[in-house]
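> Here is a sequence together with a model predicted from it:
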Amino acid sequence: MVLLATTSTSVLQLSSTVCHGGFQTTQVGFMGISSSPFFHFSSKPDTIPHLLCSKPKGPPFIRCQSTNTNEPKTRRNLLDNASNLLTTVLSGGSLGSLPTAEGAVSDLFGRPLFFSLYDWFLEHGSVYKLAFGPKAFVVVSDPIVARHILRENAFSYDKGILAEILEPIMGKGLIPADLDTWKQRRRVIVPGFHALYLEAMVKIFTNCSERTILKFEKLLEGEHSSGGNAIELDLEAEFSSLALDIIGLGVFNYDFGSVTKESPVIKAVYGTLFEAEHRSTFYIPYWKFPLARWIVPRQRKFQNDLKVINDCLDGLIKNAKDTRQETDVEKLQQRDYLNLKDASLLRFLVDMRGADADDRQLRDDLMTMLIAGHETTAAVLTWAVFFLAQNPSKIRKAQAEIDSVLGQERPTLESLQKLEYVRLIVMESLRLYPQPPLLIRRALKPDVLPGGYKGDKDGYSIPAGTDIFVSVYNLHRSPYFWDRPHEFEPERFLEQRKDVDIEGWSGFDPTRSPGALYPNEITSDYAFLPFGGGPRKCVGDQFAVMESTVGLVLLLQKFDVELKGSPESVELVTGATIHTKNGLWCKLKKRSDK
């Protein structure tokens, strides 16, 4: 449950300050237009050639501007010209003496923003400035600098743009919340993710996953009766339904039942999810215009969807409060969660003495978890299967571990601890396609960023208001901190790695965080950030890892998986998370070794 809190993929949407960042920080941007009705960023996953790593230079300042001015005026040329005009008008015709990149606005079309950020990282170094029209962003691709921003100086930064985009949907939930609200809500929510709750959640993960597996088995039986031995399914869609059902039961004790049915609430949830992504990737925040909510059809639909969900959540909150049994946190954590009729996080929050959240705040918390938790898990499972389907030997290795630990038994909290290789598959998928690929921060006061590897030893001074992209994608695929960074190798997390030439980075050491459920920012010293890091790290990290692991275990326990087409036929798009353009179509067969 990576609370989208840290990104989206649009940053730089044109607004009153021209540019609107559809991620987590003020409205500025224009870079990830994946769900826009005008532009769609799609790419072949891991088939885009990555540049050979050149020796990084110092941290130059880069500006995207128009090139090839003699070409015929296409839509892209016009956008380049518009960007230059806006820059001239709003920044006095100059961005000072900052070096200019050879790229153009049009370079950003046809593939996600984070691919371009990666190419510029290889060319210009791990800390550089990207200017887009009058708006500039500092792009960070170095664990030493990321550690400074996320942990060592965390409270000197907030989320910025994302809060403005998501506030109408999530209110003051953990992702868009200001620092004061975030501190108060985090103190209340974190105790809810205790060991007994997670044990009960594994039971819910299993129950929901078994409904999905039963659906597959029935479809396969029908195929067998027709002489076939495999079924073809869009597993991304199936994982999306599974994730929604799990969040509903685990967070607010509501069974969407989306694996087997459809309802007005389910339709409204998906409508809201699509709108959240649309806002994070559209370059003009037209929904802020007066009367837009009544005039624009999709905004009228969004308001209706939001009302359906709010009515549902209000009813659940009222029911929880009507049956409230107030007690201390310690006693709440000692309840028999495995046998409780309602083991949800909502029940915990309502019953906690001293929490005293009003209905609006509870609604914001629930909506945030619904959207963030659903999006992340569906994406993680999708890409885990995508990579596994191309590596049959790794499927067999995972199945051997499952057979050894579980046989045909159901997963438990205890057995999940033993399923190390399956968990590492989940984490390697998050390394290659992090959810989200960018973390965004805004400096609340002046700061000096460390130079990082091969950067300026004196660091880089930034003023208050500076918007920063911590590129998780770049960190996870950096050739300086990972061997074979573009290869799918879950085993890599079992090895120690330390480059003595990298001063200030302590390397990757699996023993640094004993008993950790997954490799993390501590074991990697901020080179691996699957759930962020520091005080604002995702509160639902263990929930998400266990949920994804259970779903993958039950799938591989019963089935072999193949891609329906070639890996190149699977195109990716980005919004709040990285997902496919047309689904992940796979062939499922009963395991051949059973």
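Happy to help now that I have it. Computed from a predicted structure; not experimentally measured.
> low pLDDT regions in this protein?
1-110, 132-135, 225-227, 280-281, 283 (pLDDT under 70).
> ok, 50 please
For the chain, the stretches with pLDDT under 50 are 2-41, 47-102.
> quick one, helices of the stretch 401-550 of the chain?
For the stretch 401-550 of the chain, the helices defined by DSSP state H, counting those that start in this stretch cover 413-418, 420-432, 472-476, 541-558.
> Which elements pack onto the last one?
In this case it means helix 541-558. Applying 3 or more C-beta pairs under 8 Å, 6 or more residues apart in numbering; DSSP states H and E, one finds that helix 541-558 makes contact with helix 195-225, helix 235-252, helix 359-389, helix 392-405, helix 413-418, helix 420-432. All C-beta atoms are positioned from the backbone trio N, CA, C, and that covers glycine.
> Return the set of buried residues in stretch 324-341.
Across stretch 324-341, burial judged by 16 or more other C-beta atoms under 10 Å covers 329, 332, 335, 337.
> Report the two of those separated the most.
Greatest spatial distance among these (C-beta to C-beta): Val329 and Tyr337, at 14.1 Å.
> circling back to that earlier point, quick one: closest of the helices and strands packed on helix 541-558 to Val570.
helix 359-389 (6.4 Å).
> got TSV for the helices and strands packed on helix 541-558, with distance to Pro264 and mean neighbour count too?
Formatted as TSV, the helices and strands packed on helix 541-558 follow (distance: least, C-beta to C-beta, whole Å; neighbours: other C-beta atoms under 10 Å):
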stretch	distance to Pro264	mean neighbour count
helix 195-225	21	18
helix 235-252	14	25
helix 359-389	16	25
helix 392-405	38	17
helix 413-418	35	16
helix 420-432	33	24
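> How about Glu562: which residues does it bridge to?
Going by DSSP bridges, Glu562 is paired in beta bridges with Lys587.
> Is it in contact with Cys586, as I believe?
Yes - applying C-beta atoms under 8 Å, one finds Glu562 in contact with Cys586, separated by 6.4 Å.
> Compare neighbour counts for the two and give me the winner.
Cys586 (24 against 16; other C-beta atoms under 10 Å).
> Among the buried residues of stretch 324-341, which ones are in strands?
Judged by DSSP state E, strands contain none of the buried residues of stretch 324-341.
> Make JSON lines from these and add distance to Met546 to it.
Shown next, in JSON lines, are the buried residues of stretch 324-341 (distance: C-beta to C-beta, whole Å):
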{"residue": "Val329", "distance to Met546": "22"}
{"residue": "Leu332", "distance to Met546": "20"}
{"residue": "Arg335", "distance to Met546": "19"}
{"residue": "Tyr337", "distance to Met546": "14"}
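> Could you single out the nearest of those to Leu198?
Tyr337 (8.9 Å).
> Tell me which residues touch the closest one, please.
Shown in contact with Tyr337 (C-beta atoms under 8 Å, 6 or more residues apart in numbering): 196-197, 199-200, 343.
> so how far is Leu244 from it?
22 Å (C-beta to C-beta, to the nearest Å).
> All the strands of the stretch 451-594 of the chain, residue numbers only.
460-462, 467-471, 559-563, 572-574, 578-580, 585-590 (DSSP state E, counting those that start in this stretch).
> now the longest one, how far from the centre of its chain.
Counting by C-alpha atoms, centre = their mean, to the nearest Å, strand 585-590 is centred 26 Å from the centre of its parent chain.
> buried set for it?
585-589.
> Which strands or helices does that strand pack on?
helix 195-225, strand 231-234, strand 559-563.
> mind checking which of those is nearest Leu313?
Here helix 195-225 is closest among the helices and strands packed on strand 585-590 (C-beta to C-beta), at 18.8 Å.
> Run the angle between the closest one and strand 585-590 for me.
90 degrees (axes from the mean of the first three to the mean of the last three C-alpha atoms, to 10 degrees).
> buried set for the helix or strand where Phe274 lies?
Applying DSSP states H and E as the criterion places Phe274 in helix 264-281. In terms of neighbour count (16+ other C-beta under 10 Å), helix 264-281 has its buried residues at 265-266, 268-281.
> Which SSE is immediately downstream of it?
Defined by DSSP H and E, the subsequent element after helix 264-281 is helix 292-295.
> show me where the stretch 51-200 of the chain has helices.
75-90, 113-124, 143-147, 161-170, 179-189, 195-225.
> With distance to Ala516 added, can I get the ones you listed in JSON lines?
Shown next, in JSON lines, are the helices of the stretch 51-200 of the chain (distance: least, C-beta to C-beta, whole Å):
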{"stretch": "helix 75-90", "distance to Ala516": "45"}
{"stretch": "helix 113-124", "distance to Ala516": "26"}
{"stretch": "helix 143-147", "distance to Ala516": "17"}
{"stretch": "helix 161-170", "distance to Ala516": "28"}
{"stretch": "helix 179-189", "distance to Ala516": "20"}
{"stretch": "helix 195-225", "distance to Ala516": "14"}
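> Now do the same contact list for the residue lying closest to Leu406 once chain neighbours are set aside.
Excluding the flanking residues, the one nearest Leu406 by C-beta to C-beta, 6 or more residues apart in numbering is Ser415, at 5.9 Å. Contacts for Ser415 (C-beta under 8 Å, 6+ apart) come out as 405-406, 409.
> which of these lies closest to Leu494?
Once C-beta to C-beta is applied, the member of those that ends up nearest Leu494 is Val405, at 17.0 Å.
> what's the closest non-adjacent residue to the closest one?
That would be Lys418: by C-beta to C-beta, 6+ apart, it lies 4.8 Å from Val405.
> ok so, going back, where do the contact lists of Glu562 and Cys586 overlap?
Residues within reach of Glu562 and of Cys586 at once, by C-beta under 8 Å, 6+ apart, are Ala389.
> Assumed Gly354 was part of a helix.
No - judged by DSSP: H, G, I helix; E, B strand; the rest coil, Gly354 forms no part of a helix; its state is coil.
> count of neighbours near it?
Gly354, neighbours per other C-beta under 10 Å, totals 9.
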